[in-house]
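**Student:** Coordinates for the following, if possible.
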Amino acid sequence: MRFQTPLIRATLLRRYKRFLADVRLPDGTVAVAHCPNPGSMMGLAEPGTAIWLEPNEDPKKKLKYGWRLNELPDGHWAGIDTAVPNRVVAASLAVRAIPELAAYDTIRPEQRYGANSRIDFLATGDGLPDAYVEVKNVHLRREDDWAEFPDSVTTRGAKHLGELSAMVEAGHRAVMLYLIQRTDCARLKFAADLDPGYAAAVARARDAGVELIAYDCDIDAEGVRLRAPLPVRAI
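**Tutor:** Residues are numbered from 1 along each chain as shown. Below you'll find the predicted structure:
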């Protein structure tokens, strides 16, 4: 997935009201940017952080900049846009770059299922069980090279795990794919101290047969691309 327009480097001054950020542009101008992330963004929204913005000229948009990336120490990057993982996974599924799902020849996004929900991707193929694929964005790192999910309480995430379990019970496949939008992580675990309810839901889903897989990304100012599978620590 490539960014539509070249990114520009800026400095974060503050993030507020979840979706807004005051930023200082390279010429010293202060502007308001859209923050496409409703989560806590733990460790990624500190004033003074070097960030990268995507400009836009769309007259329908009130804000002319969208926050896309954070610079991290030692040349690493983090993606903060929660819409990016689905775009990256969609592109990867289209070219069968995810081995766990490469046998499927039809991929349909945003299909209704469960209790008033939509699955991110429904994969189908002759002679194969339907595969219900949910994608989660991961960008929390607190220790060593562990990526963690979630970074705050997510009752919606726990609901998704329950609905995926129901798909397995109905005879389908269910896959929870965690896309790690950081380049400084090598494994994934679940942040039970931040959301014990989600950690418990993961354990129940795993026992029910939901497949838990994680991939990391190559990230730079040009775009975000699926890279390689990472191990997931069992609950």
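**Student:** Now do the helices in this structure.
**Tutor:** Using DSSP state H, the helices found in the chain span residues 84-94, 155-169, 196-208.
**Student:** Give me the residue ranges of the protein where confidence is low.
**Tutor:** Scanning the chain for pLDDT under 70 picks out nothing.
**Student:** The spatially most central residue of it: what's it in contact with?
**Tutor:** The centroid of the chain falls nearest to Asn137 when counting by C-alpha atoms, centre = their mean (1.7 Å). Residues in contact with Asn137 (C-beta atoms under 8 Å, 6 or more residues apart in numbering) are 82, 84-85, 179, 181. From N, CA and C alone the C-beta is placed, and that goes for glycine too.
**Student:** State the pair within the residues you listed that is farthest apart.
**Tutor:** Farthest pair in those (C-beta to C-beta) is Thr82 and Leu179. Separation: 10.1 Å.
**Student:** of these two, who's got more company?
**Tutor:** Per other C-beta atoms under 10 Å, whichever of Thr82 and Leu179 has more neighbours is Leu179, with 24 against 18.
**Student:** which residue packs closest to that one, ignoring adjacent ones?
**Tutor:** With sequence-adjacent residues excluded and distances taken as C-beta to C-beta, 6 or more residues apart in numbering, Leu179 is closest to Pro85, at 3.9 Å.
**Student:** Just give me the neighbour total for Met1.
**Tutor:** Close neighbours of Met1, defined as other C-beta under 10 Å, add up to 19.
**Student:** Give the bridge partners for the nearest residue to Leu230 once chain neighbours are set aside, please.
**Tutor:** Closest residue to Leu230 apart from its sequence neighbours, by C-beta to C-beta, 6+ apart: Ala214 at 4.5 Å. Beta-bridge pairing of Ala214 under DSSP bridges involves Tyr178, Leu230.
**Student:** With that, I have no additional questions.
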